[in-house]
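**Q** Return atomic coordinates for the entry below.
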Amino acid sequence: MWYVLEDTVPANTAKADARETSIRVHGGILHSIIVTIPPGSADMVHTQLRHSSYYILPRNEDKDISGEHVNINYREWYEMKAALNTLTLVAWAPGTQHPHTIRFLIGVLPKGVLEVEEDYLKTLRLFMRLFRRRA
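**A** Numbers count the residues shown, from 1 in each chain. As a prediction, the model looks like this:
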């Protein structure tokens, strides 16, 4: 399943006043995150993705994602229990003159579905190694 988590950060929002927008997702494996920061932000819009107090993107809590017309495709294997499944987008934009919309596209699938896919890929890699040309 794919979820969209987005927020429009008002102009000149300080880090101390960072906006937090949350979404509840189904329990399972968070497997993909696509982050979009719009053009025109002049590297002044900053964002983080958290699960409770755990920083998912980026992992180090003192850092953030920022940029100008950024599209980041991030692969993950982060398990979320069914009862603890709220993700939070944190965003701020000091020094900006216009609001900017940050969007996270979040992929979550049941663990069993991804385990079957992983087993298939392992078998395929083994098959390819068996037929690899030996030099």
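
**Q** Please, where are all the helices along this protein?
**A** 111-130 (DSSP state H).

**Q** where does it dip in pLDDT?
**A** Low-confidence segments of the chain, defined by pLDDT under 70: 115, 117, 133-135.

**Q** Leaving out sequence neighbours, find the closest residue to the spatially most central residue of it.
**A** What sits nearest the mean C-alpha location of the chain, by Cα atoms, centre = their mean, is Ile33, with 3.4 Å. Take Ile33 and drop its neighbours on the chain: the residue closest to it by Cβ to Cβ, 6 or more residues apart in numbering is Tyr74, 4.4 Å away. Heads up, the C-betas are built off the backbone N, CA and C, glycines and all.

**Q** correct me, but that neighbour touches Val35?
**A** Yes. Contact criterion Cβ atoms under 8 Å: Tyr74 and Val35 qualify, at 7.0 Å.
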